[in-house]
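[1] Provided below for reference: sequence and predicted model.
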Amino acid sequence: MRRNVVRLLLAMLVALAACLVGPGSPAQAAVPDSPAVTYTNPIAEKRADPHIFKHTDGYYYFTATVPEYDRIVLRRATTIQGLSTAAEVTIWTKHTSGVMGAHIWAPEIHFIDGKWYVYFAAGSTSDVWAIRMYVLEGTGANPLTATWAEKGQIKTTWESFSLDATTFVVNGVRYLAWAQRNPSEDNNTSLFLAKMSNPWTISGTPAELSQPTLSWETVGYKVNEGPALIQHGSKVFMTYSASATDANYCLGMLTASATADLTNPASWTKSSTPVFQTSAATSQYGPGHNSFTVSEDGKSDILVYHDRSYKDITGDPLNDPNRRTRVQKVYWKADGTPDFGIPVADGVTPQRLSSYNFADRFIRHWEYRARIEANVSPLADSQFRVVTGLAGTGTVSLESANFPGYFLRHKNFEVWVEKNDGTSAFASSASFYRRAGLADSAGFSYESYNYAGRYVRHYNYLLYVQALSTSTDRADATFYAQ
């Protein structure tokens, strides 16, 4: 009874909204600023600690740790997906003796003041765990064919285990962030930040931004490492990796105002829980050591990271070569903070579908019923992989991101998320013709495969498969891919 009253009130509000905008003129959402982008994971097998840099020459440049830990490699392509098949070039090889002779880890490539720079960590042939940070400088338009020179070690406060250097600019100031063992602390590495006087030299006293103290930062090893920065609006976000490099590896995040003194640790707030971690449901384990890039159209932020496709590892995880480079879209919450969701399943990355006439509402599942809702949490409840239709013949099916094998399907003309039982009846009810949006051709409408003329539409925020007759109906049946 109570639910019926609520639905009646919602229907009255919807009707009132329709009256306010006038007959035949349903409210319209703007075309999303960040339309859907899709990639097929993994991007690169046996490549850990990935870094992808989009340059002004139209190319993406990709580097990563190779499992032999003996060299620095580069690829380039005009698309992120193209990196998966791009030729790989070795630009530098470890020294045969002395420093930079072992454990060549976590390279990053940057273009600064007209030259290329690669930041990386390396041990010594006399002590492979004497890990320090080093810089290469490249001269030439194409870094794969550039002339590379060693600029030496980045000197910090201590001669101690240090790695994972990254550089970025905020408000015209260039910074270096990295991980290092603080001799006065009982842990493996903490996070540090300093301004730079040139691309291979820090200036001033480094600030310690974070040390591993939380339970999820200290599993196996007490680690904060692999910092990466992304700016969105008036805030900056520094992700970092924590715990051992097995299935416990995960991402945490620090947040600061872009106008704050970033070298003041008090300017930063640490997340109390991981922002990205293992998902057994999608068979992705130990996601971490990320970087950020942007989509080909420049309208979406892309998370770049590595993980494994299995949980159990024999021996030291560092000797397991099967970390893979993966990518997926970053979504932004209404409060301006990033939502990374879960590491999605291998294969095509999922999309979100927003309502044409309720811009902040997305198709999601809640207790398996499909509906539209704002501020969806968890994010993956509103992510669907658009795959070849289970019924074939030019159709598509929409597979849940966090319940692989479950699809949007209609039963009794209501739309639910249910597990594919392999029957032809399920395939028919879970297959749709993806049409140009009935209210806006920039969007999409989904016509039922087995009930021609019936479309997925929202009514009282729940999804149904119905015949359409009015402009409001057509607006309710139009969605944008994000």
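    Received it, and whenever you're ready, just let me know what you need. This one's a predicted model, so the numbers in the text were calculated from it and none came from an experiment.

[2] Please count neighbours and contacts with C-alpha atoms only from this point.
    Will do.

[3] Quickly list what the spatially most central residue of the chain is bridged to.
    Nearest to the mean C-alpha position of the chain, by Cα atoms, centre = their mean, lies Leu303 at 2.9 Å. Here Leu303 sits in beta bridges with Phe292, Gln328, as judged by DSSP bridges.

[4] from memory it sits against Gln328, does it?
    Yes - counting by Cα atoms under 8 Å, Gln328 is a contact partner of Leu303 at 5.4 Å.

[5] quick check: mean pLDDT across stretch 108-118?
    Stretch 108-118 shows a mean pLDDT of 98.

[6] what comes up buried for that stretch?
    Glu108, Ile109, His110, Phe111, Trp116, Tyr117, Val118 (16 or more other Cα atoms under 10 Å).

[7] Repeat that for stretch 428-448.
    For stretch 428-448, by 16+ other Cα under 10 Å, it's 428-434, 437-440, 443-448.

[8] So which of the residues you listed belong to strands?
    Members of the buried residues of stretch 428-448 lying in strands (criterion: DSSP state E): Phe432, Tyr433, Arg434, Phe444, Ser445, Tyr446, Glu447, Ser448.

[9] Determine which two of those residues are furthest apart.
    Farthest pair in those (Cα to Cα) is Phe444 and Ser448. Separation: 13.1 Å.

[10] For this structure, give me the ranges with low pLDDT.
    Applying pLDDT under 70 to the chain flags the ranges 1-29.

[11] What ranges does it have for its helices?
    2-21, 424-429, 471-476 (DSSP state H).

[12] max-length strand in the chain?
    The single longest strand within the chain, with elements called by DSSP E, is strand 99-112.

[13] Quick check: can you name the pairing partners of that one and their directions?
    Paired strands of strand 99-112, with direction, are strand 115-124 (antiparallel) (DSSP bridges).

[14] can you list contacts of the partner strand?
    By Cα atoms under 8 Å, 6 or more residues apart in numbering, the list of residues contacting strand 115-124 from outside reads 97-111, 128-140, 143, 162-166, 199.

[15] One more: stretch 31-48?
    With contacts defined as Cα under 8 Å, 6+ apart, stretch 31-48 is touched by 64-67, 80-81, 83-84, 106, 289, 295, 299-300, 305-307, 321-329, 345-352, 442-443, 480-482.

[16] Can you tell me which of these are buried?
    Buried by 16+ other Cα under 10 Å: 64-67, 80-81, 83-84, 106, 289, 295, 300, 305-307, 322-329, 345-346, 348-352, 443, 480-482, out of the contacts of stretch 31-48.

[17] For the stretch 201-350 of the chain, which segments count as strands?
    201-210, 224-232, 235-242, 250-257, 269-270, 285-294, 301-308, 324-329, 331-332, 338-339, 347-348 (DSSP state E, counting those that start in this stretch).

[18] For Ile372, which of these is the nearest?
    Using Cα to Cα, those put strand 331-332 closest to Ile372, at 17.0 Å.

[19] Against which helices or strands is that closest one packed?
    Counting contacts by 3 or more Cα pairs under 8 Å, 6 or more residues apart in numbering; DSSP states H and E, strand 331-332 is packed against strand 338-339.

[20] Tell me the strands beside the strand it packs on, with direction?
    Note on strand 338-339: by DSSP bridges, its sheet partners are strand 331-332 (antiparallel).

[21] which outside residues touch the strand it pairs with?
    Strand 331-332 has contacts (Cα under 8 Å, 6+ apart) with Asp301, Pro338, Asp339, Phe340.

[22] returning to that earlier point: gap between the residue nearest to the centre of the chain and Leu379?
    Distance, Leu303 to Leu379, using Cα to Cα, to the nearest Å: 15 Å.

[23] now Ser257
    Distance, Ser257 to Leu379, using Cα to Cα: 24 Å.

[24] for Ala258, same thing?
    Ala258 sits at a distance of 26 Å from Leu379 (criterion: Cα to Cα).

[25] How about Leu214?
    Applying Cα to Cα, the value for Leu214 to Leu379 is 24 Å.

[26] Neighbour count: the two, which is higher?
    Legend: neighbour count by other Cα atoms under 10 Å for Leu214 and Leu379, higher for Leu379 (18 against 14).

[27] burial count for the closest residue to the more buried one other than its chain neighbours?
    Spatial nearest neighbour of Leu379, excluding adjacent residues (Cα to Cα, 6 or more residues apart in numbering): Gly341 at 5.3 Å. By other Cα under 10 Å, the residues close to Gly341 number 22.

[28] Which residues are in contact with the closest residue to Thr282 other than its chain neighbours?
    Excluding the flanking residues, the one nearest Thr282 by Cα to Cα, 6+ apart is Ala345, at 4.6 Å. Neighbouring residues of Ala345 by Cα under 8 Å, 6+ apart: Asn41, Thr282, Ser283, Gln284, Ala401, Pro404.

[29] Which of the residues you listed has the largest number of neighbours?
    Among the contacts of Ala345, the one with the most neighbours (other Cα under 10 Å) is Ala401, at 27 neighbours.

[30] My read is that that residue contacts Pro378, right?
    No - using Cα under 8 Å, Ala401 is not in contact with Pro378; the gap is 11.0 Å.

[31] Thr205: neighbour count?
    13.

[32] thinking again about what came up before, and the residue nearest to Thr282, how far from Leu214?
    28 Å.

[33] repeat for Ile112
    From Ile112 to Leu214 the distance is 36 Å (Cα to Cα).
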